[in-house]
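> pasting a predicted model and its sequence here:
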Number of protein chains: 2
Amino acid sequence: MSYSIADLEQLHLFYRQQLLTDTVPFWFPRSFDRELGGFLLMRDADGSLLDDDKAVWIQGRATWLLATLYNTVDKNPEWLEGARLGYEFLNRHCFDSDGRMFFHTTRDGRPIRKRRYFFSETFYVIPAAAYAKASGDPAAAYNARKVFGQCIDYATTPGLLPPKYTRERSSKGIGVPMIMINTAQQLRETIGDDRCDSWIMRWIDDIQANFVKDDIRCVMEQVSPGGQIIDHIDGRTLNPGHAIEGAWFILHEARYRNNEPRLMALGTRMLDYMWARGWDKEHGGILYFRDVYDRPVQEYWQDMKFWWPQNETIIATLLAFLLTSEERYAEWHRAIHDYAYTKFHDPVHGEWFGYLHRDGNIAQTAKGNLFKGPFHLPRQEWYCMKLLESYLK
Amino acid sequence: MSYSIADLEQLHLFYRQQLLTDTVPFWFPRSFDRELGGFLLMRDADGSLLDDDKAVWIQGRATWLLATLYNTVDKNPEWLEGARLGYEFLNRHCFDSDGRMFFHTTRDGRPIRKRRYFFSETFYVIPAAAYAKASGDPAAAYNARKVFGQCIDYATTPGLLPPKYTRERSSKGIGVPMIMINTAQQLRETIGDDRCDSWIMRWIDDIQANFVKDDIRCVMEQVSPGGQIIDHIDGRTLNPGHAIEGAWFILHEARYRNNEPRLMALGTRMLDYMWARGWDKEHGGILYFRDVYDRPVQEYWQDMKFWWPQNETIIATLLAFLLTSEERYAEWHRAIHDYAYTKFHDPVHGEWFGYLHRDGNIAQTAKGNLFKGPFHLPRQEWYCMKLLESYLK
């Protein structure tokens, strides 16, 4: 069954309510670290603090959220204050002397761990750009653009960052073009940058040429440098929720380009392929990992339900429905929305649990840790709210 | 209820039967790679090959198993042939030019991944030593002793291997003294080495002084360099099955030293503490991770049941019972043995599944992958068989 205008109005109200009266208040302002900067985000189900360490990805993402809410929802000075706390913590403590960023610091910003990936850097670009728009600070805009340029270098210069594997089996992951598309989209939509339009199309072309396999109806998570399937246990592993996130980044771009047919077709195909592979027909929800040939995957927890693949699928199915009016996307959206808000949402303390067993029971109760914080859920609620607003007005 | 002599005789027969007619035949000889050396061990439930890559840990452990069976169970020439295939593959393909070992190679031995740990090296020492004994090859004995010396250097020289964390939060794991105790015990019991006795006692002293916390009845998985609990989400994480493995290494040493009271008390205390923290009172079996203060742990799959913690607990409880005659160890052994052989054993194709959900359902079906192969299960069956033999004769 498709969605009526009244259904969409109700969804809009629901996401707005959840975002502003449930999700955001779980985190803020209590997580502001007004003493030492940044945020205290590693919290148990009831909001009590599990750890005062600071995960750099999550510090950047929380900063992005607060600045984005300020820019697009309400000029709430508390949100701007929070964005400044986060942005200044990132600048003061999260860069190493080589220009790379750390992954994990103490509460007072001493570095504990640095990793070989540049996701910390992309999660610096988007908050710096959003904060530049919110605050008008030209240095933040300069920094966002500078680090975006460094990310382009990391993404396009083989060997610039230490590889995980030897040259005997080089591979490339869909994560790099995906994160770069989203980073460039965010930069473009906040402070603008002439590089974004062309780079976004190059990364979309990379995904289409190398990762999307129409003959087997699949989006690969990693491939050889030439785009071949690496027929070994790691190379066969699919991450359906991640590919579906990539699908909506591309549908978002299709919409930006007046519903460009090639991008509409590519994004919906990616969603179709990975819904078929990721949706759990028995219990509902998106499974974490699958094997391209339905063999066992290396990761033993591959059938768990994590919060974020559900968030990304809620966005992708709603966006696909609004772009195409095809009934199946409304049906899928209804299925994933109902599953996720029934199983993941905590009606007692707000926000979502992060980790369920396949059957939907809670595997662990933390709302925030080194990888989970105020990002995928509030981004989903914010994105769907804004998207519906633009269709309903 | 305690164990009678008849019970122990039945257990002995059971482990012998399982080892020789179920576990070992699942793997060998079909996994021998007579063409390219080493073993093809990444297999699905029915034994079909999932991947022809070779995981260096598992190549070494399989070599150890075959040489040990040859040395201690039966002079089966097929086992010696297999041990030689594995030992030669390790020598030809698994060492980097800096003397460190790789983690993962292609079928023909081209390196795919090297890691910062030296577990590949310890899983070279024990098969080289066992193969030296089986074959009489003096070069294998020389190599085992040489790499054992390198492992001592890695274990005792801070900074020799690249650290995962910065100096801001240095830590040390119980894994290093544990693996070194077991490596030295294996070396001593095959070809002998004058360094073993004193090093074993130093590593046991390290565990007692730094990792065993009698005031809170706990064995820590990692601590600060001075032995303090690191009260952050990673530092609080316990691995009960691993600590219980450490307990039996120490009980094994107690037995070697004529039931030395201090080691008996230390090993049984470690088992007592971690049984209380790891045994799942609701579903049975040993849980994977727990938090020292019962808070959520970072790893979302912490409540899964893996095969190897059950194997280590079967050994530890049987050994504790035979050393102390205390009834509770017979009860614990019965509980873990019955749970594990009911839930993990595959009566159709033999061997055990590796990964169950907390409730005992199978999460994935692989019998062999990058981390699972012919080691913990056959070692448990072999160790318990030999142990019972020595008590029953």
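Sure thing, it's come through.
> poorly predicted segments of the stretch 1-150 of chain A, please.
Within the stretch 1-150 of chain A, no range satisfies pLDDT under 70.
> which parts of it sit against chain B?
Residues of the stretch 1-150 of chain A lying near chain B by C-beta under 8 Å from any C-beta of the partner chain: A:42, A:44, A:50, A:51, A:53, A:106, A:110, A:111, A:112, A:113, A:114. From N, CA and C alone the C-beta is placed, and that goes for glycine too.
> so which residues of chain A form strands?
In chain A, strands defined by DSSP state E lie at A:42-43, A:49-51, A:54-55, A:104-105, A:111-113, A:172-173, A:212-213, A:218-219, A:222-223, A:237-238, A:290-291, A:305-306, A:355-356, A:362-364, listed in chain order.
> helices and strands around the first one, which ones?
Think strand A:42-43. strand A:49-51 (3 or more C-beta pairs under 8 Å, 6 or more residues apart in numbering or on different chains; DSSP states H and E).
> just checking, what packs against the strand it packs on?
strand A:42-43.
> and the strand it packs on, how far out from the chain's middle?
Distance of strand A:42-43 from the chain centroid (C-alpha atoms, centre = their mean, to the nearest Å) equals 19 Å.
> which residues does it contact?
A:31, A:49-53, A:55, A:366-370, B:233 (C-beta atoms under 8 Å, 6 or more residues apart in numbering or on different chains).
> quick check: the residue nearest to residue A:175 when sequence neighbours are not counted vs chain B, distance?
Residue nearest to residue A:175 in three dimensions, not counting chain neighbours: residue A:242, with 7.2 Å by C-beta to C-beta, 6 or more residues apart in numbering or on different chains. Taking C-beta to the nearest C-beta, to the nearest Å as the measure, residue A:242 falls 16 Å from chain B.
> what's the most buried one of the strands of chain A?
strand A:54-55 (a mean of 28; mean count of other C-beta atoms under 10 Å in any protein chain shown).
> tell me what that one is packed against?
Using 3+ C-beta pairs under 8 Å, 6+ apart, strand A:54-55 sits against strand A:104-105.
> what does the strand it packs on rub up against?
Counting by C-beta under 8 Å, 6+ apart, A:53, A:54, A:55, A:56, A:93, A:94, A:111, A:112, A:113, A:370 sit against strand A:104-105.
> switch to 6 Å and redo it
Applying C-beta atoms under 6 Å, 6 or more residues apart in numbering or on different chains, the external contacts of strand A:104-105 come out as A:54, A:55, A:93, A:111, A:112, A:113.
> quickly list what the first one is bridged to.
Right, residue A:54. With DSSP bridges as the criterion, residue A:54 is bridged to residue A:105.
> same question, the last one
Here residue A:113 sits in beta bridges with residue A:104, going by DSSP bridges.
> is it true that it touches residue A:103?
Yes - counting by C-beta atoms under 6 Å, residue A:113 touches residue A:103, with 4.8 Å between them.
> mind checking pLDDT for residue A:300?
Residue A:300 is assigned 87 on the pLDDT scale.
> quick one: contacts for it?
B:355, B:363, B:364.
> and the closest residue to residue A:235 other than its chain neighbours, how far from chain B?
Counting by C-beta to C-beta, 6+ apart, the nearest residue to residue A:235 once its immediate chain neighbours are dropped is residue A:222, at 6.1 Å. Separation of residue A:222 from chain B (C-beta to the nearest C-beta) stands at 13 Å.
> just to revisit the earlier point, tell me the spacing between the residue nearest to residue A:175 and residue B:118.
Counting by C-beta to C-beta, to the nearest Å, the gap from residue A:242 to residue B:118 is 33 Å.
> could you do residue A:80 as well?
As defined by C-beta to C-beta, residue A:80 lies at a distance of 50 Å from residue B:118.
> can you check residue A:247 too?
43 Å.
> next one: residue A:209
41 Å.
> who has more neighbours out of these two?
Using other C-beta atoms under 10 Å in any protein chain shown as the criterion, residue A:209 and residue B:118 rank with residue B:118 on top: 22 against 10.
> if we can go back for a sec, in JSON lines, list the residues of the stretch 1-150 of chain A next to chain B along with distance to residue B:7.
Listed next are the residues of the stretch 1-150 of chain A next to chain B as JSON lines, based on distance: C-beta to C-beta, whole Å:
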{"residue": "A:42", "distance to residue B:7": "49"}
{"residue": "A:44", "distance to residue B:7": "45"}
{"residue": "A:50", "distance to residue B:7": "45"}
{"residue": "A:51", "distance to residue B:7": "47"}
{"residue": "A:53", "distance to residue B:7": "50"}
{"residue": "A:106", "distance to residue B:7": "54"}
{"residue": "A:110", "distance to residue B:7": "56"}
{"residue": "A:111", "distance to residue B:7": "56"}
{"residue": "A:112", "distance to residue B:7": "51"}
{"residue": "A:113", "distance to residue B:7": "50"}
{"residue": "A:114", "distance to residue B:7": "55"}
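> so which of the residues you listed is the closest to residue A:13?
Nearest to residue A:13 among the residues of the stretch 1-150 of chain A next to chain B, counting by C-beta to C-beta, is residue A:44 at 29.8 Å.
> touching, that closest one and residue A:50? I think so.
Yes - between residue A:44 and residue A:50 there is a contact under C-beta under 6 Å: 5.4 Å.
> and residue A:337, how many residues sit next to it?
Residues near residue A:337, counting by other C-beta under 10 Å: 20.
> cool, and residue A:152?
15.
> just residue A:311 next, same as before
Counted with other C-beta under 10 Å, the neighbours of residue A:311 add up to 26.
> that one and residue A:382 touch, don't they?
No - using C-beta under 6 Å, residue A:311 and residue A:382 do not qualify as a contacting pair, with a distance of 10.8 Å.
> re the thing from before, which two among the residues of the stretch 1-150 of chain A next to chain B are spaced furthest apart?
The span of the residues of the stretch 1-150 of chain A next to chain B, defined through C-beta to C-beta, is set by A:44 and A:114 at 27.2 Å.
> so which residues on the stretch 151-300 of chain A come close to chain B?
Listed as neighbours of chain B in the stretch 151-300 of chain A under the rule C-beta under 6 Å from any C-beta of the partner chain: A:165, A:166, A:168, A:169, A:232, A:233, A:295, A:296, A:298, A:300.
> residue B:109 is in contact with the third one, correct?
No - checked against C-beta under 6 Å, the pair residue A:168 and residue B:109 is beyond contact range at 9.9 Å.
> which of the two has more neighbours?
Of the pair residue A:168 and residue B:109, residue B:109 is the one with more neighbours under other C-beta under 10 Å, namely 18 against 14.
> could you list every residue that touches the more buried one?
Shown in contact with residue B:109 (C-beta under 6 Å, 6+ apart): residue B:93.
> can you do 7 Å?
Contact analysis of residue B:109 by C-beta atoms under 7 Å, 6 or more residues apart in numbering or on different chains lists B:89, B:92, B:93.
> and it, how far from residue B:93?
Per C-beta to C-beta, residue B:109 is found 3 Å from residue B:93.
> leaving out the residues flanking it, which one is nearest to residue A:127?
Closest residue in space to residue A:127, ignoring its immediate chain neighbours: residue A:63 at 3.6 Å, by C-beta to C-beta, 6+ apart.
> can you check residue A:5 too?
In this structure, residue A:5 finds its nearest non-sequential neighbour in residue A:392, 7.3 Å apart by C-beta to C-beta, 6+ apart.
> from what I see, the one you found and residue A:7 are in contact.
No - assessed by C-beta atoms under 7 Å, residue A:392 is found out of contact with residue A:7, at 11.0 Å.
> now the helices for chain A?
Here chain A has its helices, by DSSP state H, at A:5-18, A:24-27, A:56-72, A:77-93, A:119-135, A:138-156, A:175-190, A:196-206, A:240-256, A:261-278, A:307-324, A:327-343, A:376-392.
> can you list the ones you listed in TSV and add distance to residue B:322?
As requested, those are exported to TSV (distance: least, C-beta to C-beta, whole Å):
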stretch	distance to residue B:322
helix A:5-18	59
helix A:24-27	53
helix A:56-72	50
helix A:77-93	55
helix A:119-135	52
helix A:138-156	58
helix A:175-190	52
helix A:196-206	62
helix A:240-256	50
helix A:261-278	50
helix A:307-324	48
helix A:327-343	47
helix A:376-392	52
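> no further questions, thank you.
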